[in-house]
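Student: need a 3D model of the following:
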Amino acid sequence: MHTIGKALLLLCSLTSAGEIAAQTVSGKLIDENKQPLPYANVVLLSLPDSTFVTGTVTAEDGTFSLNTTTPNQLVRISSIGYNTIYKPVQPANLGVIQLTSDTQQLGEVVVKADLPKIRVKGDAMVTTVAGSILENAGTGNDLLNKIPGVSANEGDIKVFGAGTPEIYINGRKVRDKSELDQLASDNIKSVEVVNNPGSRYDATVNAVIRIQTKKPQGEGFGFNNRFYTGYGYGWNVLDQYNFNYRKGGFDLSGMLYGKKGYTEDRKTITQKTLLDKTWIQDSYLCTQYDMKDVSAMLSLNYQFNENHSLGARYDYDRTPERHETVDPMNTLVYQDNALYEESHTTGWRNTQETRHTLNAYYNGRVGDWNIDFNADGFWSDTKNPQEMLEQFTPAGGSLEKQTVTTKNLTDNTLYATKLVFGHPLWGGNLSFGGEYTYTNRDNSYMNVEGILDNNNSSIKENSTSAFLEYARSFGKLQAQLGVRYEHLSSDYYEDGKYMDEQSRTYDNVFPSISLNLPIGKVQTQLTYTGSIYRPSYWMLRSDIMYGNRYTYEGGNPLLRPSLINRLTLNVSYKWIYLNSRYIHGEDAITQLSRAYSEDDPTVSLYSFYNMYNSDKLYTTLTLSPTIGLWSPQFNFLLLQQWYKVETSNGTENFNNPILNFAWNNNFKLPLGISLDVDLGFDTPGDNENTKVEEWCWFANISLYKSFFKDRLSVQLKAYDLFNSYQAKSTIYSGNRLMTGKMEARRNIGITLRYKFNATKSKYKGTGAGDSQKNRM
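Tutor: Below is the predicted model:
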């Protein structure tokens, strides 16, 4: 069939050879769901021998363009898992081209081509969700927890070897982790994990997760409602209502969300301080959390045609109460193994927070130019009053009491704009743009009793960045080169006075390169990126917070950013995926315990410091075969670091590896029931200045069933079924050690979701100033 198609196109091209001159051929690729198809290969071939002339890859929005040199040429378009097609170079505007899946119809059986479940494509590791068992995972958080190299524990998203990623849903930056909990997994088409983000992303971004949802069908009004209740230490309940109205190019969507929850945090902590005498604190701490959260969202979007759209989105998030009760914290203090003091502490802290986020965007295409503009505003304020009552009895002494009352107020303001252009150039795609961000953070800390100093500090920052990125194909090789420049000016104030030593100015240039090469059916990718870790505003604060009579915690306004170099290798073959990443960090930021003052070194201050350089190797191996009705996934993860740590015995190498094994299983049961059984194990080892002391493991199980043509779904889940995930670790800080062990607690919950004519918002805003928001 392909041979016949090429012959017919060859005949058409030859008959019109004298009628056209050199020109730019352009078009846009979409898949079977009419979604843009990025990173497809578009190659220009000469006729009649089909010799390679030049090539490119489609952009994020599926667009491409090539410069023809003679009229006797042919365009070949291909992408893994899709049928290859050929187009003549006339007309020059090929319009919208839809690729179809590479399938063979054999009676009633459909045999897919070798489209791997996990594959390397463009700059990302892509996992296809639509049509797979992952659709029934539950929420977006539940789904991400099943993506190789990604963990999502109670909304805390981490990419192995990269930490917290920047997350996008349909190109829009996720600003609140609850958005993933509010996203249903059966609405997700694919998940892309970028382990080495290129120059278009802020240099502080170590990983990116891009979530593509399914294309909405139909018009009119639709809604879906989710209700959840679960029990751990106490009952948790939430309800979420999403609505959408679509007519022509107009799209209105909104969300209302409310949650009330209760949980507890129980742990034992041992602190050892080796001075002229040995001091030991043994503490048992139980903290109860009573939480209330409400959120609302409204977005407007208008798509004039396939080339132009604009819109605005407003998010409101409010925590009216996050009440923490410490009851009790019992502590025994020993001096050279003899009881020195015992104490009983109770207290409370109540957090109230309000956040407003506004985004406006324009996304368009003018001729061969792609334009993406975003403007953002972000405002938040947080209040943290706290009261602690300590009752302590020195050995052989009488009971004494002390009340410590503090109040912490924080206000954040951010304004940001971002403009990105894209244009075909020399058979490839050129992208360039810039971003400007202004931030202001005011922080005040007050202690009524005068035990700790009051503090009022402000940080005002102006950040400007520009990037240039070029991507092109050379035969089967896809190459992408980029460079990013960032300028940051940070002004630090205490009590309204400018502080010269704490104020900094940084100018940095970060290169990036990505090479993709298929070797047979094996997909390979090698990338290098220069980046930076900038300390959060919380780390840079100058106030000291009270823990107990012997333990304080604070920031360090003299912290410097840590420069990072990352080299990453990705390999995929059918249901096998390998990722290996080497990271070198300079002036690594570490949390340490040091003496609060020379007058009383028994009091420890936990703060952040720039320490030694850090070298780490992260490797992930994932096997995802399907065996009949059983779909297992085996994940092997290795962390090997080379790091120096100050201990009581001098400088030591903390080079012991940590291994993690996760075994996820899905079974398709009768009556359309889906059963998931997941097991995980962690070994002891070293991570920075922390030693993981013990093995720990967990077991999760869930049942999923849908009714009424998927309009109603029910999911029952149990986390840590055997209360076995109890991690014990020790932090080393010179002559000070802290060992902690968390108590595990199973959690059982049920989710009900009902959908009526449910559609998904077409909002395309990507946001601006995201790295600064994360630092807030």
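Student: given whichever helix or strand Leu332 is part of, what are its sheet partners and their directions?
Tutor: Assigned by DSSP states H and E, Leu332 belongs to strand 308-335. Paired neighbours of strand 308-335 in the sheet (DSSP bridges): strand 278-305 (antiparallel), strand 338-366 (antiparallel).
Student: for these, which one sits closest to Ala595?
Tutor: strand 278-305 (11.5 Å; C-beta to C-beta). C-betas here are computed from N, CA, C, even on glycine.
Student: now do that closest one, average pLDDT.
Tutor: Across strand 278-305, pLDDT averages out at 92.
Student: and it, how far out from the chain middle?
Tutor: Computed by C-alpha atoms, centre = their mean, to the nearest Å, the chain-centroid distance of strand 278-305 equals 16 Å.
Student: please apply the same query to stretch 68-79.
Tutor: 39 Å.
Student: buried stuff in stretch 745-754?
Tutor: Within stretch 745-754, the residues that count as buried by 16 or more other C-beta atoms under 10 Å are 745-747, 749, 751, 753.
Student: and it, how far out from the chain middle?
Tutor: Using C-alpha atoms, centre = their mean, the offset of stretch 745-754 from its chain centre is 24 Å.
Student: not counting its own residues, what contacts that stretch?
Tutor: With C-beta atoms under 8 Å, 6 or more residues apart in numbering as the test, stretch 745-754 has contacts from 138-139, 184, 224-233, 236, 264, 266, 711-723.
Student: let's see that with 6 Å instead.
Tutor: 225-228, 230-232, 712-721, 723 (C-beta atoms under 6 Å, 6 or more residues apart in numbering).
Student: hang on, the earlier thing: any chance of the strands paired with strand 308-335 in JSON lines, with mean neighbour count too?
Tutor: Formatted as JSON lines, the strands paired with strand 308-335 follow (neighbours: other C-beta atoms under 10 Å):
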{"stretch": "strand 278-305", "mean neighbour count": "17"}
{"stretch": "strand 338-366", "mean neighbour count": "17"}
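Student: distance to Arg313 added to those, as JSON lines?
Tutor: Compiled in JSON lines, these are given as follows (distance: least, C-beta to C-beta, whole Å):
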{"stretch": "strand 278-305", "distance to Arg313": "4"}
{"stretch": "strand 338-366", "distance to Arg313": "5"}
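Student: Ile118: which of the ones you listed is closest?
Tutor: Using C-beta to C-beta, the strands paired with strand 308-335 put strand 338-366 closest to Ile118, at 29.2 Å.
Student: and the protein, what are its domains?
Tutor: 2-100, 104-213, 220-492+504-591+603-647+654-683+691-775 (automatic domain parsing).
Student: which element is encountered next along the chain beyond the lowest-mean-pLDDT helix or strand in the chain?
Tutor: For the chain, using mean pLDDT, DSSP states H and E, the weakest element among its helices and strands is strand 109-112, scoring a mean of 33. Sequence-wise, the next helix or strand downstream of strand 109-112 (DSSP H and E) is strand 118-121.
Student: three-state assignment of Asn656?
Tutor: Assigned by DSSP: H, G, I helix; E, B strand; the rest coil, the conformation of Asn656 is coil.
Student: contacts only, for it.
Tutor: Contacts of Asn656 by C-beta under 6 Å, 6+ apart are 685-686.
Student: helices along the stretch 501-650 of the chain, start to end?
Tutor: Applying DSSP state H, counting those that start in this stretch to the stretch 501-650 of the chain gives helices spanning 537-540.
Student: just the strands from it, written as ranges.
Tutor: For the stretch 501-650 of the chain, the strands defined by DSSP state E, counting those that start in this stretch occupy 522-533, 544-548, 551-554, 562-573, 576-585, 589-595, 604-610, 614-623, 630-642, 644-647, 650-653.
Student: okay if I get the ones you listed as CSV plus mean neighbour count and distance to Leu675?
Tutor: Putting the strands of the stretch 501-650 of the chain into CSV (neighbours: other C-beta atoms under 10 Å; distance: least, C-beta to C-beta, whole Å) gives the following:
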stretch, mean neighbour count, distance to Leu675
strand 522-533, 20, 31
strand 544-548, 20, 45
strand 551-554, 18, 44
strand 562-573, 20, 27
strand 576-585, 20, 24
strand 589-595, 18, 41
strand 604-610, 18, 44
strand 614-623, 19, 20
strand 630-642, 18, 10
strand 644-647, 18, 44
strand 650-653, 11, 45
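Student: what's the least confident stretch among these?
Tutor: strand 544-548 (a mean of 84).
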